[in-house]
Each structure stands twice: as C-alpha cells, then as structure tokens.
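>>> pasted the sequence and its predicted model underneath.
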Amino acid sequence: MGTVIQLKKQLNDSYSDLRRSVEDKLILVEEKISSKLASKVDLVHKMTDYHLKTGGKKLRALLTLETAKLCGYSKGSRDINLAACVELIHAATLMHDDVIDSADIRRGKKTLNTVWGNQSSILVGDYLLSRCFEMMVEDGNIEVLKLLSSTSSEIAQGEVLQLQHKGEIDILEETYLKIISSKTASLFAAATKVGAIISNKDSKYKEALEFYGKNLGLTFQIADDTLDYNSELKVFGKKIGNDFFEGKVTLPIILLYQKIDQDDKKYLKSLFNKEKRNNEELDYILNLIKKNNIINECYKKAEHFINLSYNSLSAFDDSEEKKILKNLTSFSIERNF
C-alpha cells in the first residue's frame, strides 16, 4: 500500500534542495538557452534578452536534471541540452499564453506583448519553439524527439480546449483536469521522463517518472489556481484574482458553483459572461469562497495527485535524489509563489 502524505502548514525547502543538487548544471542550462536564443535580428535579440532577465524558477529544467541524476546519467551533456529544450517550450507557451489572456504582468514585469505587441510576441514564441526543435534534432534520439514534439502538440490542444470553455462556470471538473493535464502536466511529465530516456533506463523507470511528473504537474496547477483565490495572501500584499479578471474558470470557481444557491449561481454566471470584472466583484467571490471552505476542498483534491506522484518513486532505490523529488511533491502545493 502506498504512502499517504498529509499536507504540512509550513513551507518546506525542497525546491532549494533541488536547485542546490544540480546548481552547477543549471548554470550551463542557462548559458545554453542564452546562446541558442542569439539572433541577428535586433528585435528578436531585445525580446529574448528581456525574457531571460525576468528569471523564473526553471522548475521543469531542474526536474530533467534531477531525474537524469536519479537514473545515474553522468557522462555527456544531453541532460543540459534537453533541460534547456524543455525550458524553451515552457517559455514559448508563456509568451503565447500572455497574448491569449491579454496579460500585462509576468513575474513582476511587463509582458512581452505589453511592450512589443501581440504579433511580435507570437513570432518570438514561435522562434523559441523552432530553436527547441533544432536542439531535439541535434540530440539525435527519436524517442526524445517523439516525446517533446507530441508534448508541444498536447500543450497547444490544451490551450484551445481552455479557450473553447472560457467563461463556462458549469464546466465539468473532468474537463478542467483534461485542460490542465494537457496545458501543464504534459510538460512536467516529459521533463521527468527525459531523464530516464537519456540514461537508457527500461520502461518501468520511464513510466514511473512520467507518472511522477504528470501528477506533480497536476498538483502544481491546482495549487496555482487555488492560490489565485486565497484571500489570506491578499493580507500579505500578494496580488490575487488574475484568473478572475481574465475570465478563466478554474477549480475554485467550479467547486464554488457546485455549492452555492441559485441566486449566487446566477450572479456568478453573469460575472463570467462580462467582458471585464472589478475588485468589488472579486471581493464578493472571495467571501463566498471563504464561506464555503473552497480553498481547503481544492487542496484536498490536490492531495490525491500528490500521493500518486510520491508513490510512483517507489520503483527507485533510496537516494538523495529520490528524497528531493519526493519532498518536492509537498512543495508543489505548500508554496506561496
């Protein structure tokens, strides 16, 4: 029987442990990304340089490096190149995402589309993907190429599915999970499976790491969507409500809609049918969410995926790398950023 994790109140430091474990290689990943994004076109150079300076957790790249380490990969630089590749896919999807969502802030800075416009942002996102595909071909492994190319396709389909259901607050929870599985979890799964592929591990380990990454990604996205409606964070000055203002229907709204009375359901529907929503309306929704204990319900849903992710690592012998990856499952929901 698998281990069941109970969520802790304190934020663990497993992300810091993960970063320290592969810090020397992460520097090389960042150098690889920088060199790959070099361009003779001035605007491409300006935009990619701007993007690189916005930072980010590089979590997907870290997962590729750590899972490769877990699987015993030690010779060569394929882990570095493919970690960079995974990160470029993620960066490209963020650029496209910001255009679709008309987002103006990313990581505390103006988005590329706010500074340079939608057309340039879409094209530079495409440029990142083309560079990524060059790196896949350079790697020369057909399994890697098939995995990362199909993952890129799945992410795009997830984006379209989300657009298709935009504003539908009576959306099924199953459909929501399908969206985030494609949009978010698929790249987590690819990032972790790559580590086993380049280490020539058999299918048992590849499947275990793919399952680990998928469920970690689901947990991560549920936590992200829940944080956006956590009124406690507002007290500490953190900006919340981005999904609400963008009209995205995520798990907190889906669960809320199931619990409120008909009058509030009607009001909630009217809000998401509007072109724009305001802070007063957000405060009303936050009060409903608090009253109906929705935040805790979301975290309970996430616990299921945490446990699946955690237990999938039982295929591997005990090691420091395994311990870090296990602890990371709790971090994915305990974090506040």
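Sure thing, it's come through. Numbering: from 1, shown residues only.
>>> need the strands for this structure, in chain order.
Here the chain has its strands, by DSSP state E, at 105-106, 109-110.
>>> of all these, which one is nearest S153?
Checking those against S153 by CB to CB gives strand 105-106 as the closest, at 23.9 Å. C-betas here are computed from N, CA, C, even on glycine.
>>> partner strands of the closest one, with direction?
Counting by DSSP bridges, the strands paired with strand 105-106 are strand 109-110 (antiparallel).
>>> if we can go back for a sec, closest one to S203 among the strands of the chain?
For S203, the closest of the strands of the chain is strand 105-106, at 37.7 Å, according to CB to CB.
>>> distance between the closest one and the chain's centre?
Computed by CA atoms, centre = their mean, to the nearest Å, the separation of strand 105-106 from the middle of its chain amounts to 15 Å.
>>> name the residues that touch that strand?
By CB atoms under 8 Å, 6 or more residues apart in numbering, the surrounding residues in contact with strand 105-106 are T54, L94, D98, T111, T114.
>>> make it 10 Å
Strand 105-106 has contacts (CB atoms under 10 Å, 6 or more residues apart in numbering) with 51, 54, 56, 94-95, 97-98, 111-114, 239, 242.
>>> what's the ChimeraX line that selects buried ones from the residues you listed?
The ChimeraX selection below is limited to those of these classed as buried (16 or more other CB atoms under 10 Å):
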select :51,94,95,97,98,111,112,113,114
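>>> restricted to helices, list the contacts of strand 105-106.
H51, L94, M95, D97, D98, L112, N113, T114, N242 (DSSP state H).
>>> nearest residue to the middle of this protein?
Centroid-nearest residue in the chain: T184, 4.7 Å away (criterion: CA atoms, centre = their mean).
>>> quick one, what contacts the closest residue to that residue other than its chain neighbours?
Counting by CB to CB, 6 or more residues apart in numbering, the nearest residue to T184 once its immediate chain neighbours are dropped is Q221, at 4.2 Å. Neighbour list for Q221: 176-177, 179-181, 183-185, 188, 250-251, 302, 305, 332 [criterion: CB under 10 Å, 6+ apart].
>>> next one: S182
Shown in contact with S182 (CB under 10 Å, 6+ apart): T151, S153, E154, I155, A156, Q157, G158, E159, V160, L161, Q162.
>>> and E275, by the same measure?
Contacts of E275 by CB under 10 Å, 6+ apart are G247.
>>> and for N81?
L28, V29, K32, K36, T64, M135, M136, E138, D139, V144, I198.
>>> on that earlier part again, now the strands of the chain as TSV including distance to V44, mean neighbour count and mean pLDDT?
Below are the strands of the chain laid out as TSV (distance: least, CB to CB, whole Å; neighbours: other CB atoms under 10 Å; pLDDT from 0 to 100):
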stretch	distance to V44	mean neighbour count	mean pLDDT
strand 105-106	18	15	82
strand 109-110	18	14	89
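>>> out of those strands, which comes closest to S319?
strand 105-106 (35.6 Å).
>>> tell me which of the contacts of Q221 is nearest to K326?
For the contacts of Q221, the closest approach to K326 (CB to CB) belongs to S332, at 11.5 Å.
>>> any idea how far K204 lies from M95?
In this view, K204 and M95 are 37 Å apart by CB to CB, to the nearest Å.
>>> nope, G117 is what I was after
G117 sits 12 Å away from M95 when distances are taken as CB to CB.
>>> just to revisit the earlier point, any chance of TSV for the ones in helices among the contacts of strand 105-106, columns pLDDT and distance to A68?
Below are the ones in helices among the contacts of strand 105-106 laid out as TSV (pLDDT from 0 to 100; distance: CB to CB, whole Å):
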residue	pLDDT	distance to A68
H51	88	25
L94	93	24
M95	94	27
D97	91	27
D98	91	30
L112	93	31
N113	94	34
T114	94	36
N242	89	34
